[in-house]
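Pasted the sequence and its predicted model underneath.
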Amino acid sequence: MISSTPLIVHKNEDDPKKCTARKLKRLNLAEFIGFIPRSAIVLYPDSETRISRNDSSFKYLLAMDVSWKNIENYSFTGYQVRSLPYLLAANPVNYGKPYKLSTAEAIAAAYYIMDMKEISFKILNVFSWGIQFLNLNRNPLEDYSKASNSDEIKKIELEYV
């Protein structure tokens, strides 16, 4: 069963005042680390494999907190990478933009899709816009959480894109 505390590799590439990863760490809702454990699922937006319930068997969920402009500069060869399906951002920087989620939104969505909804709520409740993320994405998140693998997620995703 995947840990309820997500791991974050934080690269200090964003505004510290708007950084959702820093807030999660400050509130002991995430742990910063300097490396990627082999036993982790890594959230990576360009992965062809979508995160699903099957991924809850890994030990850790890991997010890279890097600027969207620099994501291509990192290599994830040899790691188990997963992307999130179509979801809309609710954070103030990228509100309403598909796929442009904050680190906190991405982590919360991953837990929700893996049917660990209580962790998702706990993470989102610390942000004034957190519940709005769930409201914007309620139907797709519910549908994704019922799928058992990446292929099923992709089929459901086509209904929302």
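Yes, it's here.

Could you point out the longest helix of this protein?
In the chain, taking DSSP state H as the definition, the longest helix is helix 130-146.

Summarise which helices and strands it is packed against.
In terms of contacts (3 or more C-beta pairs under 8 Å, 6 or more residues apart in numbering; DSSP states H and E), helix 130-146 is packed against helix 103-113, helix 117-124, helix 150-160. Glycine gets a C-beta too; all of them are placed from N, C-alpha and C.

Now do that helix against helix 103-113, angle only.
Calculated by axes from the mean of the first three to the mean of the last three C-alpha atoms, to 10 degrees, helix 130-146 forms an angle of 40 degrees with helix 103-113.

just to revisit the earlier point, how about the helices and strands packed on helix 130-146 in JSON lines, adding mean pLDDT, distance to Asn28 and mean neighbour count?
What follows is those, written out as JSON lines (pLDDT from 0 to 100; distance: least, C-beta to C-beta, whole Å; neighbours: other C-beta atoms under 10 Å):
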{"stretch": "helix 103-113", "mean pLDDT": "97", "distance to Asn28": "14", "mean neighbour count": "27"}
{"stretch": "helix 117-124", "mean pLDDT": "97", "distance to Asn28": "11", "mean neighbour count": "19"}
{"stretch": "helix 150-160", "mean pLDDT": "97", "distance to Asn28": "30", "mean neighbour count": "16"}
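
returning to what we had before: residues making contact with the longest helix of the chain?
Contact partners of helix 130-146, identified using C-beta atoms under 8 Å, 6 or more residues apart in numbering, comprise 52-53, 85-91, 96, 104-105, 108-109, 112-115, 117, 120-121, 123-125, 153, 156-157, 159-160.

how about 7 Å then?
85-88, 90, 105, 108-109, 112-113, 115, 124, 153, 156, 160 (C-beta atoms under 7 Å, 6 or more residues apart in numbering).

With stretch 114-125 instead?
Residues from elsewhere that reach stretch 114-125, judged by C-beta under 7 Å, 6+ apart: 2, 4, 24, 29, 51, 53, 55-56, 104, 107-108, 111-112, 130-131, 133-134, 145.

one more time with 8 Å, if that's ok
Residues outside stretch 114-125 that contact it (C-beta under 8 Å, 6+ apart): 2, 4, 6, 24, 29, 51-53, 55-56, 61, 104-105, 107-109, 111-112, 130-131, 133-134, 145.
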